[in-house]
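Trainee: Quick check, what structure comes out for this input:
(one chain, ligands or ions: 2)
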Amino acid sequence: MDQKTRDDLLQLFQSKLNEAMTFYLETCTRCGVCTEACHVYASMGQVKYIAAYRAEIVRRLYKKYFKARGKVWPSVGEAKELTEMAVEELFEAAYSCTGCRRCMVFCPFGIDTQMIMSIAKLLLIGANAEPEILTLLADTSITKGKSFELFKEGFLGGIKRLEADVVQKWKMEAGETAIPVDVQGADLLYVALAGAHSIIPAAANWTLSFFEAVNFGAFVGDPTKTKLILDRIVNEAKRLNVKEVCICECGTAYRVMKQLAGKQPFKVTSITEVHARYLREGRIKLDKTKLNGAMTYHDPCQIARNGGVMDEPRYIIQYLTDDFREMTPDPKYNWCCGGGGGLVALGEDTLDFRMKSSRVKADQVTATGAAVLTTACENCHTQLSNLNDHYKMGVKVEFLSSMVADALLR
Ligand code: SF4
Ligand code: SF4
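Mentor: Ligands and ions are numbered 1, 2, ... in the order given. Next up is the predicted model:
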């Protein structure tokens, strides 16, 4: 690696060194408590998948270039040169970590390996070694935000086609718009994925966002692109003067909007929180007889452990079934599905790894004996469906919001 490339990468490294990151990089005592916490290590048993081992790859570069001892006497500080081989190690560490933060809740110091991996991801972008498809997808989202007028007609045409489904499924009141778009002063801006699979008509004065929720900038670990993609929705919410932005079933999009949008004149909620609220307020009612067999729920890491939404899905589920089987361990310590951090977005390329690294998740689901496995994140849904096929789990994988929509009494 030439000096100019190394210097540029070290500048990127430096840009991540805030107080919290410095604490994470300087604090690990190698106590080993996090060893069994990572689903990848628990499923595959390879040392390179222990959280502290992954972090050590970044930490050694930190010692080499940002600590006096590493600069003077590398072998003492276990410092390591930033070379092409180090970049390969960074890739292996970062793209086998889903950012689930299960290790963090076990670590006595709360060391956030996902944050440390964000340095690895940024260095990979700087070295042009990140998965190109994630950058392309992030760029497409940004382009859509900048020149939305070009996409608007196609978007509105797609909505018209979806409207027919909505009208067929739920009888609309006279004069009611099935899927309202661009409504000034709406109570709620609903940010869907590519298609709105969980629209509950008339539950609120709402409007559908022009933009999809998913944030590929966050998956690839690019802070600038993450912010640009996020800002599309923030600006739309401000333009329409909405009171609330509701993020559909996309865990990363929810966490990014909730934690990175800053102070805004609207509140941020997940669709699960909104449905729980509608039920509490009596604005919707559900038919409990729709479901056959026992049901379990997978807590998406970004919505539950990292977003704090754990009670709401359970509140909804009591209106869907009398036979709910909780997974063990409980939500805060729930096993990651193994699809986060951009791994599901990388599709077939990561399928073999995703299956091998998530054996513990498959075992956890099977142990409940449930026939229906529901969740609240698109990534999790895809990964759990893949696991279901791979491990022949014999469950039906469902979106919680779709189950609410299907059980709706109007
Ligand atoms: S639990 Fe925390 S302190 Fe212990 S090895 Fe893991 S990251 Fe380091
Ligand atoms: S954040 Fe999750 S995937 Fe990454 S090291 Fe920790 S437990 Fe493993």
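
Trainee: now Val166, nearest residue through space, not along the chain?
Mentor: Counting by C-beta to C-beta, 6 or more residues apart in numbering, the nearest residue to Val166 once its immediate chain neighbours are dropped is Ala178, at 4.3 Å. Where C-beta positions appear, they are placed from N, C-alpha and C, glycine not excepted.

Trainee: Quick check: pLDDT value at that neighbour.
Mentor: Ala178 is assigned 75 on the pLDDT scale.

Trainee: what do you get for Ala261?
Mentor: 89.

Trainee: quick revisit: can you get me a residue count around the residue nearest to Val166?
Mentor: 19 (other C-beta atoms under 10 Å).

Trainee: separation between it and Ile159?
Mentor: Separation of Ala178 from Ile159 (C-beta to C-beta, to the nearest Å): 9 Å.

Trainee: Likewise for Glu26?
Mentor: 51 Å.

Trainee: who's more crowded, the two?
Mentor: Set Glu26 next to Ile159 and count neighbours by other C-beta under 10 Å: Ile159 wins out with 18 against 13.

Trainee: That one contacts Val181, correct?
Mentor: Yes: in this structure, Ile159 is within contact of Val181 by C-beta atoms under 8 Å, at 6.1 Å.

Trainee: Spit out the residues that contact those two alike.
Mentor: Leu208 (C-beta atoms under 8 Å, 6 or more residues apart in numbering).

Trainee: And the strands in the protein?
Mentor: 188-191, 206-208, 244-247, 267-270, 285-286, 295-298, 372-375, 396-399, 408-409 (DSSP state E).

Trainee: tally of neighbours for the residue nearest to Lys48 when sequence neighbours are not counted?
Mentor: Distances taken as C-beta to C-beta, 6+ apart place Glu92 nearest to Lys48, at 6.8 Å, with adjacent residues excluded. By other C-beta under 10 Å, 14 other residues sit near Glu92.

Trainee: And for the one 4 residues further on?
Mentor: Residues near Ser96, counting by other C-beta under 10 Å, number 23.

Trainee: coming back round to it: with distance to Asp323 and mean neighbour count as extra columns, can I get the strands of the chain in a markdown table?
Mentor: Below are the strands of the chain laid out as a markdown table (distance: least, C-beta to C-beta, whole Å; neighbours: other C-beta atoms under 10 Å):
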| stretch | distance to Asp323 | mean neighbour count |
| --- | --- | --- |
| strand 188-191 | 30 | 24 |
| strand 206-208 | 32 | 22 |
| strand 244-247 | 29 | 26 |
| strand 267-270 | 25 | 22 |
| strand 285-286 | 15 | 17 |
| strand 295-298 | 7 | 25 |
| strand 372-375 | 10 | 25 |
| strand 396-399 | 14 | 20 |
| strand 408-409 | 20 | 14 |
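
Trainee: okay if I get those strands as a markdown table plus distance to Tyr41 and mean pLDDT?
Mentor: Rendered in a markdown table, the data for those read as follows (distance: least, C-beta to C-beta, whole Å; pLDDT from 0 to 100):
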| stretch | distance to Tyr41 | mean pLDDT |
| --- | --- | --- |
| strand 188-191 | 35 | 92 |
| strand 206-208 | 42 | 89 |
| strand 244-247 | 31 | 94 |
| strand 267-270 | 29 | 96 |
| strand 285-286 | 40 | 94 |
| strand 295-298 | 20 | 98 |
| strand 372-375 | 23 | 97 |
| strand 396-399 | 25 | 96 |
| strand 408-409 | 42 | 88 |
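
Trainee: out of the ones you listed, nearest to ligand 2?
Mentor: strand 295-298 (15.0 Å; C-beta to the nearest ligand atom).

Trainee: So which elements touch that closest one?
Mentor: helix 311-317, helix 359-368, strand 372-375 (3 or more C-beta pairs under 8 Å, 6 or more residues apart in numbering; DSSP states H and E).

Trainee: so how far is His298 from the residue lying closest to Lys285 once chain neighbours are set aside?
Mentor: Excluding its sequence neighbours, the residue lying closest to Lys285 (C-beta to C-beta, 6+ apart) is Leu409, at 4.5 Å. For Leu409, the distance to His298 equals 26 Å [C-beta to C-beta].

Trainee: and if you look at Val87?
Mentor: Applying C-beta to C-beta to Val87 and His298 gives a distance of 34 Å.

Trainee: for the protein, which spans come out with low pLDDT?
Mentor: 69-77, 167-176, 194-203, 410 (pLDDT under 70).

Trainee: try 80
Mentor: Along the chain, the model assigns pLDDT under 80 to residues 68-79, 147-152, 158-178, 193-204, 410.

Trainee: wait, what's in contact with the most centrally placed residue in it?
Mentor: Geometric centre of the chain, nearest residue: Thr252, 2.5 Å, by C-alpha atoms, centre = their mean. Listed by C-beta under 8 Å, 6+ apart, the contact partners of Thr252 are 214-215, 218-219, 302, 340, 379.

Trainee: Kindly report the residues of the stretch 101-250 of the chain close to ligand 2.
Mentor: 101-103, 113-114 (C-beta under 6 Å from any ligand atom).

Trainee: Now render those residues as CSV, adding neighbour count and distance to Leu137.
Mentor: Below are those laid out as CSV (neighbours: other C-beta atoms under 10 Å; distance: C-beta to C-beta, whole Å):
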residue, neighbour count, distance to Leu137
Arg101, 23, 23
Arg102, 25, 26
Cys103, 25, 27
Thr113, 28, 24
Gln114, 25, 20
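
Trainee: Next step: those restricted to helices.
Mentor: 102-103, 113-114 (DSSP state H).

Trainee: one step back: please identify, among the contacts of Thr252, the one with the most neighbours.
Mentor: Result: Gln302 is most packed of the contacts of Thr252 (other C-beta under 10 Å), 31 neighbours.

Trainee: So that one sits against Met257, correct?
Mentor: No: using C-beta under 8 Å, Gln302 is not in contact with Met257, being 10.7 Å away.

Trainee: Now do Leu188 against Glu273, distance only.
Mentor: 11 Å.

Trainee: shared neighbours of those two, anything?
Mentor: Between them, Leu188 and Glu273 share the contacting residues Cys246, judged by C-beta under 8 Å, 6+ apart.
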